[in-house]
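> With the input below, show me the fold.
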Amino acid sequence: MASLLQTLPAPLNPTHELEDEEQPSVTQSAQELSLANQIITPPYGSRRGWKPRLPDHFGDGGAYPECHLAQYPLDMGRKKHASIGNTLSLTVDGDGKIDYTKIAKQGHRDGRHVQAQFKDLVPLAHRSDLSAEARAMERPSIEEVEATTQRTRAALEKLTNSKIKAAQPKHVPETGGTVSFVRYTPNTMEGASDGPGKQRIIKMVEVVEDPLEPPRFKHKKIPRGPPSPPAPILRSPPRKVTSLEQKEWMIPPCISNWKNNKGYTIPLDKRLAADGRGLQDTHINDRFAQLSESLYIADRHAREEVRQRSLLQQRLAQKEKEAKEENLRLLAQRAREERSGIPRVVAASGGGSMPAAVAAYGSDSEAGSEEGSGPESGGDGDEDEAAAKARDELRRERRKDREREMRMNNMGNEKRAQHLARTQNRDISEKIALGLAKPTMSKESMIDSRLFNQESYSGTFGDEDSYNLYDKPLFTGSSAAAAIYKRGGGQDGAEDSGERYGGGTEEGISTAMRNDRFGLGVAGKGFEGADLQETRDGPVQFERDTTATADPFAIDAFLEDAKKGVKRGLEHRGTNEESKKRRG
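Numbering: from 1, shown residues only. Alright, predicted model coming up:
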C-alpha cells in the first residue's frame, strides 16, 4: 500500500480537508505563488526585446520610449471597439502559457463572471491562490450600494421613458424650451476705429418649429445586414478521384434544336435524350389501384346478387309453371274421365263440396231416383263406399252435361256455328289434349289413318330453285270446303228468289230493302269478264308469276336501260328547263 502511494503523483489542487499540522506549509506555498504571479518590470537599460502590453507593465507611469511598439498605458489611445470580430488576440498568463479564458468570455458583457478554469469551480474559502482579503467576501460598502442603485434606476427609467415616448405623438414642439445665456466678448483688433468692443449677454433659445411643416429630412431604410455564416460541415479528407466518378461528373455539351455552331454530329438518341421528356418518372398513386379493385369487387358482388336473384326468380317461375301444368294436367284428366264415363275415385270430402244451388238443379226423374236412393242407402248399411262415390260422380257428370246443354240452347246462332266449326275441324291430337275425343269401344288399335300412304320428304326438302311446298290445293274435295264455299241458293228458281228477296212477300221484300239500301248485298251486274270464268267449288287458286321469279331484282331491265343509253333524270330535264323559263 505504501509503495502504491509513493508512485501516485501529487495533486494539483489541495483538498479542503487539511489537518492542523499542514496549515503552515500551505500558507508558505501560497505566499511563494503570489510572489511568482507578480509582474516584474525590467530596469532601465535591460528592456531590449521586452514588450509591455498589460496595464500592470506600466504601473502608474507612461510609455517606455526605448520600446519601439504601440503602447497604451492605462488604456489611453486604445480603441474600445478595435477588436470587433471573431478573431481573438493571442494572450499568455503570468507563467507564459496561452490564456484560453478569452474564448469562453467572448460574446459576454464586461463584468460578467465566466467560469473558464477549474479553479473557478473551487470555493473561495478553499482556494490557495487568493489572499485572505479576497477570500473574506466582505459586504459592499454603502457607497457601492448607492452607486449600484442609481445605475439600476437609470437603466429602468431609460426603458420606461423609451416605451412612453414611443406611445406619445411625434413632431410635437416643446412649449417650454431650455433657455441659456452666453456672455459674448468681441475680439479687439489693432487699428479698429471704434475702440474696444463691449461685452454682450446673448440669450440662446431653440427655434420654434411649425407642426404642419413637412419633414426636412427623408428617412432612408437601412439595408439588411449580412446573414449569419453557415454552420461548419465536417468533411471527409480529400481522396483521389476515380475514373468512374469522372465519367459520372462529365457534363455533355449543350444540344440545341436550332443551332449547331461547332458542327457536332449528334446521334438521334442523344438528341431525344436532351429533350428531357423521359427523365421524369411518372408516379401513380396507389389509391387508383385500390379504387379499381374496389369497383371490381363491388361489380362482382352486384353481378353475383343479380345472378342469385335471377336464379331465384327462375326457380319461382319454374315452380309456378309446374304448378300450372299440374293443375292443367289434372283438369284435362278430369275432363277425359268425365267424357269417357269412367267412375273416378275421389276423396270422401269431395261429395259434400258441391253447392246447394247446383245440387238442387236437376230433372224430376233424377230427383225421384235420388229420393228413392236416399232411404235405400241410409237403410242399407252393407253398401260399399265406392259405389256411393261412383253414384255421386255420375250425378255430377249428368249435372254438367245439363248445364252445357242449357248454355248451348241460350247461345246465339253465330256463336253456335263457330263453336260447331271449331269442334268439328279440330285435329284429333287437340281433341285428345282437350278431352273432346270420344273413345271408341272397339278393341281395334286407334291409329291415325292420315299417316298411311304418305311419302316422306326428301333429305333436301326439294330443289333450291323450286317452289313445291304445297303439292295439292287446300281442302280439295273435302266436305268442310264444300260447306264453307257453298252458295246460299240456286242461280235461278223460286227457292233462290225467295231466299234472296225475303221469301217473295211484301214484308220480306221491304225488310230486305231496309237492310240493303244501296244494293251492296247482291250485285246486279258483275265485273267484265267475270261471266267467262268457270264456276269454282273450292278456294281461290293462284297462278305463279314467272316474271317475278325469273328476275326478282330487275337486273335484266337495268341492263336493257344501260344498253339503250338512257340516263336517270334526262327524261325530266326538259320539263325542268320549261319550268325555269316560265319563272323567268
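
> which one's the longest helix in this structure?
Assignment by DSSP state H gives helix 286-340 as the longest helix of the chain.

> Mind giving me the packing neighbours of that one?
Contacts defined by 3 or more C-beta pairs under 8 Å, 6 or more residues apart in numbering; DSSP states H and E place helix 286-340 against helix 428-434. Every residue, glycine included, has its C-beta placed from N, CA and C.

> how does it look with 7 Å?
Applying 3 or more C-beta pairs under 7 Å, 6 or more residues apart in numbering; DSSP states H and E, we find helix 286-340 packed against no helix or strand.

> start at 514 instead
Yep, numbering from 514; the last one is helix 799-853 now.

> what's the average pLDDT for that helix?
The average pLDDT within helix 799-853 is 92.

> what's the answer for stretch 668-680, then?
What stretch 668-680 shows for mean pLDDT is 91.

> in it, what's buried?
Buried residues in stretch 668-680, counted by 16 or more other C-beta atoms under 10 Å: none are found.

> from what I can see Lys564 touches Leu582, true?
Yes. At 6.1 Å, Lys564 and Leu582 qualify as touching, with contact defined as C-beta atoms under 7 Å.

> now do the same end-to-end measure for stretch 569-588.
Start-to-end span of stretch 569-588 (C-alpha to C-alpha, to the nearest Å) is 11 Å.

> domain parsing for this protein?
Domain assignment for the chain by automatic domain parsing gives 806-855, 860-946.

> which residues of the stretch 614-763 of the chain score low on pLDDT?
Along the stretch 614-763 of the chain, the model assigns pLDDT under 70 to residues 684-690, 701-710.

> Show me the strands in it, by range?
Using DSSP state E, counting those that start in this stretch, the strands of the stretch 614-763 of the chain run over 693-697, 713-717.

> what about Arg849, neighbour count?
Residues within reach of Arg849, counting by other C-beta atoms under 10 Å, total 17.

> what's the distance between it and Lys837?
Distance of Arg849 to Lys837, given as C-beta to C-beta, to the nearest Å: 18 Å.

> One more: Gln630?
Gln630 is 115 Å from Lys837, by C-beta to C-beta.

> And Glu898, by the same measure?
Distance check for Glu898 against Lys837: by C-beta to C-beta, it reads 33 Å.

> Same check on Pro636?
Look at Pro636 and Lys837: by C-beta to C-beta, they are 116 Å apart.

> Then Pro555?
140 Å.

> With neighbour numbers in mind, choose between these two.
Between Pro555 and Lys837, counted using other C-beta under 10 Å, Pro555 has the larger neighbour count: 13 against 10.

> So that one sits against Lys564, correct?
No. If you go by C-beta under 7 Å, Pro555 and Lys564 don't touch, sitting 11.2 Å apart.

> If I look at the spatially closest residue to Arg561 that is not a sequence neighbour, what pLDDT would I see?
Setting aside the residues directly before and after it, Arg561 is nearest to Glu579 in space (C-beta to C-beta, 6 or more residues apart in numbering), at 7.7 Å. If you check Glu579, the pLDDT there is 88.

> Hmm, Glu579 is touching Gly558, no?
No. Counting by C-beta under 7 Å, Glu579 stays clear of Gly558, with 8.5 Å between them.

> Of the two, which one has the most company?
Using other C-beta under 10 Å as the criterion, Glu579 and Gly558 rank with Glu579 on top: 10 against 7.

> Assign that one to helix, strand or coil.
coil (DSSP: H, G, I helix; E, B strand; the rest coil).

> What distance do you get for it to Tyr557?
Separation of Glu579 from Tyr557 (C-beta to C-beta): 8 Å.

> cool, and Glu910?
As judged by C-beta to C-beta, Glu910 and Tyr557 stand 170 Å apart.

> Looking at these two now, which is surrounded by more residues?
Taking neighbours as other C-beta under 10 Å, Glu910 and Tyr557 compare with Glu910 leading, 16 against 8.

> how many neighbours does the residue lying closest to Met921 once chain neighbours are set aside have?
Nearest residue to Met921 in three dimensions, chain neighbours excluded: Arg929, at 6.7 Å (C-beta to C-beta, 6+ apart). Each residue near Arg929 was counted by other C-beta under 10 Å, and the total is 13.

> same thing with Tyr577?
Look at Tyr577: counted by other C-beta under 10 Å, it has 19 neighbours.

> OK, contacts around it?
By C-beta atoms under 7 Å, 6 or more residues apart in numbering, the contact list for Tyr577 reads 560, 565, 584.

> excluding its backbone neighbours, what's nearest the first one?
In space, and not counting its chain neighbours, Arg560 is closest to Glu579: 5.6 Å by C-beta to C-beta, 6+ apart.

> separation between that neighbour and Arg1057?
According to C-beta to C-beta, Glu579 stands 157 Å off from Arg1057.

> Then Pro743?
Distance of Pro743 to Arg1057, computed by C-beta to C-beta: 110 Å.

> Leu907 too?
Relative to Arg1057, Leu907 is positioned 59 Å away (C-beta to C-beta).

> okay, these two: which has more neighbours?
Leu907 (12 against 7).

> Got phi/psi on His796?
When read as degrees, to the nearest 10, the backbone of His796 gives phi -100, psi 120.

> Could you count how many residues lie near it?
His796, neighbours per other C-beta under 10 Å, totals 6.

> same check, this time on Ala901
Close neighbours of Ala901, defined as other C-beta under 10 Å, add up to 14.

> again with Ala934
Ala934: 13 neighbours (other C-beta under 10 Å).

> What separation do you get for it and Lys928?
Ala934 is 11 Å from Lys928, by C-beta to C-beta.

> doesn't Thr698 make contact with Cys715?
Rather than Cys, residue 715 is Ile. No. Using C-beta under 7 Å, Ile715 is not in contact with Thr698; the gap is 11.0 Å.
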